[in-house]
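*Asks:* sharing a model prediction with you, sequence too.
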Amino acid sequence: MEPESEEVLMTGKTRIVAVLALMAACGLLGLAQEVGVGAAAFLRRGVDARALGMGGAFVAVADGYSAIYWNPAGLARVLTPQLGGAYTDLFGAGIHHNFVAGAMPFFVVENEQTPSLHIGLGAGYTEMTTEVRATDPNGQPVGVIQYAERLAAIGVGVYLPGLGCLGGAAKVYSFLAPKIGVGGKDATAFGFGFDLGFLAPLAHSLWLGISAADVGDTRIEWHNTPTEPTDLVMGKYTAGMAFALNGFIVAADYVFQPMADNVVRVGAEYSLEFLALRAGAVKRLHGPLSFTAGAGIRTDGLQIDIAWVQNSEIKAEGAQDTIVLSAYLAVNSF
């Protein structure tokens, strides 16, 4: 699909920012090439203000409710039930990115003589929505629609003494473009994918993390469109390390993305009894350098976080830096 050929506008924002949204939504009108790549781009931008405040360098940290997103192996590190969520207005452009997830220990073997066995479970839901003005397959305007991409996942992580943590997640993608399908019906798309993860201690306070998202590429099949094309969510492979000691964490990730620019992420967190401060940087190998910062407050099992993510990607009127808000509750703290 050539975005320039479509009459698509985001309510109250510039044409350039609107086209950005549609470029990420490959096959929106069912007029795409037979197999498109780069689907679900906004769903993969990262979640949780804590992680994003650290530049997204989180694959070797992944120790909370958002582990199912960053590295499902981290579910085995969750020792208390957690429930949390995050909200983001990407670039301040009316591209809403929501996330809610939970994690809990499922089976724990405590043994004073040998390391413990841990099994953790998790589930998450990610959603991107934005309003666009669109046309039907015949080129007739249908007005403003709310385009949506959604992702639901369930996962498990297992800590094996002497090896580390292994994890996996099964995912279901669903896309919705109301009223612009054949006969004025909704155009929809679905796909099933899998993530794998690994976490292991290399030395005292030093962890290695590896994750493979959408292993083998996830196929998104469109329905009720003129050509019913297939889009691909390309595999994303991340390796990273994290050093944690006395409330201080420093982490670095390398993200390999076939057919896209690879990314280096670095970040740090310093936690006091009730306050955490964070900073990070993100560098695309052939793109700009951007910075992040964040903070969190914890009280009585409730943690509230905020992150600032610099916009160095989109140079267009109305495109701003991104603010991320999130919170989680440690359920058994009451």
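*Replies:* Happy to help now that I have it.

*Asks:* is residue 240 in a bridge, and if so with what?
*Replies:* residue 209, residue 253 (DSSP bridges).

*Asks:* please apply the same query to residue 330.
*Replies:* Note on residue 330: beta-bridge partners residue 82, judged by DSSP bridges.

*Asks:* residue 251 versus that one, what's the distance?
*Replies:* Distance of residue 330 to residue 251, given as CB to CB, to the nearest Å: 22 Å. Every C-beta, even on glycine, is put in place using the N, C-alpha and C of the backbone.

*Asks:* and those two? Which one has more around it.
*Replies:* Using other CB atoms under 10 Å as the criterion, residue 330 and residue 251 rank with residue 251 on top: 26 against 20.

*Asks:* residue 242 is in contact with the more buried one, correct?
*Replies:* Yes. Using CB atoms under 8 Å, residue 251 is in contact with residue 242, at 3.9 Å.

*Asks:* find the residues that touch each one of those two.
*Replies:* Both residue 251 and residue 242 are in contact with 57, 60, 61, where contact means CB atoms under 8 Å, 6 or more residues apart in numbering.

*Asks:* do you know the pLDDT at the nearest residue in space to the second one that is not next to it in sequence?
*Replies:* The spatially closest residue to residue 60, leaving aside those adjacent along the chain, is residue 209, at 3.1 Å (CB to CB, 6 or more residues apart in numbering). In the predicted model, residue 209 carries a pLDDT score of 98.

*Asks:* which residues does residue 209 contact?
*Replies:* By CB under 8 Å, 6+ apart, the contact set of residue 209 is 59-62, 71, 73-74, 197-199, 238-242, 253.

*Asks:* do residue 298 as well
*Replies:* Counting by CB under 8 Å, 6+ apart, residue 298 touches 274, 275, 276, 304.

*Asks:* the third one sits in which helix or strand?
*Replies:* Put plainly, it is residue 276. Residue 276 belongs to strand 275-284 when assigned by DSSP states H and E.

*Asks:* where do the helices sit along the stretch 1-150 of the chain?
*Replies:* Per DSSP state H, counting those that start in this stretch, the stretch 1-150 of the chain carries helices over the ranges 15-24, 49-53, 67-70.

*Asks:* any regions of this structure where pLDDT drops low?
*Replies:* Low-confidence segments of the chain (pLDDT under 70): 1-37, 110-115, 333-334.

*Asks:* quick check: closest non-adjacent residue to the most centrally placed residue in it.
*Replies:* The chain has residue 46 as the residue nearest its centroid, 3.5 Å off, counting by CA atoms, centre = their mean. The shortest distance from residue 46 to any non-neighbouring residue, by CB to CB, 6+ apart, is to residue 56 (4.7 Å).

*Asks:* wait, the one you found sits on residue 265?
*Replies:* Yes. Contact criterion CB under 8 Å: residue 56 and residue 265 qualify, at 4.7 Å.

*Asks:* which residues are in contact with residue 61?
*Replies:* Residue 61 is in contact with 51, 54, 70, 74, 207, 209, 242, 244, 249, 251, counting by CB under 8 Å, 6+ apart.

*Asks:* ok, the residues you listed vs residue 186, which is closest?
*Replies:* Closest approach between these and residue 186, by CB to CB: residue 70, at 31.9 Å.

*Asks:* before we move on, back to that, narrow the contacts of residue 209 to those in strands?
*Replies:* Counting by DSSP state E, the part of those found in strands is 197, 198, 199, 238, 239, 240, 241, 242, 253.

*Asks:* just the buried subset of those residues, please.
*Replies:* 197, 198, 199, 238, 239, 240, 241, 242, 253 (16 or more other CB atoms under 10 Å).

*Asks:* take those residues and write them to CSV, including distance to residue 313.
*Replies:* Converted to CSV, those look like this (distance: CB to CB, whole Å):
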residue, distance to residue 313
197, 27
198, 30
199, 30
238, 19
239, 23
240, 22
241, 26
242, 26
253, 18
